[in-house]
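Asks: Provided below are the primary sequence and the corresponding predicted coordinates.
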Amino acid sequence: MIQPSKVLTIGEVLVEIVATTRGDGFREAVPLVGPFPSGAPAIFIDQVGKLGQAAAIISRVGGDDFGHVNLERLKRDGVDVSGIEVDPLGTTGSAFVRYRDDGSRAFVFNIRHSACGTITLTPAAQAVVASATHMHVMGSSLYAPSVVEAVLTATRAIKARGGSVSFDPNLRAEILNSPGMRQALDTVLAETDIFLPSGEELFLFSPAADERAAVTALLKRGIKAVVLKRGAVGASYFDADREISLPGFKVTEVDPTGAGDCFGAAFISFWLGGADAETALRYANAAGARAVTASGPMEGASTRAELDALIAAQTR
């Protein structure tokens, strides 16, 4: 049974609008579907809420339809949105997405110059920080100075009073040299209990040439556990005493966006609820698998019953 710890994240809330045909970008008129609620921290926290874990997010949206699409979805799935500031004159962030033939994606983003580009810890947001026991940081959210300040302030406050921190780097190596980025990431990593990289992200914070050496180096920095996402093939868990690897679930992929966020949300929810590492990893794999079966980044978020059903079906 998942216990009432309260998970907080801070970062972008946006809508995603998706091209229905494949190709390279938007230099011609293409049919579109959406808007879908999106943003990596929003997808993560929506999945946390949908699992029955107390959850909250701090962000900013415009007083437009795109903002309301997100607020209504998050509230419906049990997320505390009292820390989301609504700017009546602002514009909610957006991402236009088109899949290429090889499965990669072309994006047109409006984040930095949207409402969520100026997230600050308002009095309402500070109250949310004070109520949280766990902080989840997405590297993709460290995109503007005010957001970085809010994330680091909340992370330090929660950790200082005995809370825990998880960190999903969710970023590309080429942006690590952005001004202040490396310092911010190292600050977060120093507070991190659970580190959740995908694939090559494991090596962003270590010069090690192989997986084992990279994991060992991260654990020596004080991280309690590393959970390595391996996509469709599954995931692995490492701590000072053990390594656990579990295969992925066989599903038909429709849209992979948000799978890693749902994976992380499930792992953290079950970990906070006292589940052993293998159980948390199994549910995380199931959540990541179900996430890819629906079109839209947040549409594949799962309830506990849906994850139980998938695990039972594939166990049989």
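Replies: Yep, it's here. Residues are numbered from 1 along each chain as shown.

Asks: Low-confidence bits of the stretch 101-250 of the chain, can you list those?
Replies: Residue ranges of the stretch 101-250 of the chain with pLDDT under 70: 172-179.

Asks: go again using 80 as the cut-off
Replies: Low-confidence segments of the stretch 101-250 of the chain, defined by pLDDT under 80: 103, 171-182, 206.

Asks: quick one, what contacts E16?
Replies: Applying C-beta atoms under 8 Å, 6 or more residues apart in numbering to E16 gives the contacts G34, P35, F36, P37, S38, S94, A95, F96, V97, T257, G296, P297. From N, CA and C alone the C-beta is placed, and that goes for glycine too.

Asks: at 7 Å what do you get?
Replies: E16 sits next to G34, P35, F36, S38, A95, V97, P297 when contact means C-beta atoms under 7 Å, 6 or more residues apart in numbering.

Asks: Nearest to M135 among those residues?
Replies: Distances from M135 to these, taken as C-beta to C-beta, are shortest for S38 (21.1 Å).

Asks: how far away is the closest one from A284?
Replies: Using C-beta to C-beta, to the nearest Å, one gets 20 Å for the distance from S38 to A284.

Asks: Tell me where the chain has helices.
Replies: Per DSSP state H, the chain has helices spanning 40-50, 65-76, 123-131, 145-160, 181-191, 211-220, 259-272, 277-291, 304-315. These are given in chain order.

Asks: Quick check: which of these is nearest to I244?
Replies: Closest to I244 of the helices of the chain, according to C-beta to C-beta: helix 277-291, at 5.3 Å.

Asks: average pLDDT across that closest one?
Replies: Helix 277-291 comes out with an average pLDDT of 96.

Asks: all numbers from here: first residue = 379
Replies: Okay, using 379 as the starting number, the last item reads as helix 655-669.

Asks: Which positions within that helix qualify as buried?
Replies: Residues 655, 658-669 are the ones in helix 655-669 that count as buried (16 or more other C-beta atoms under 10 Å).
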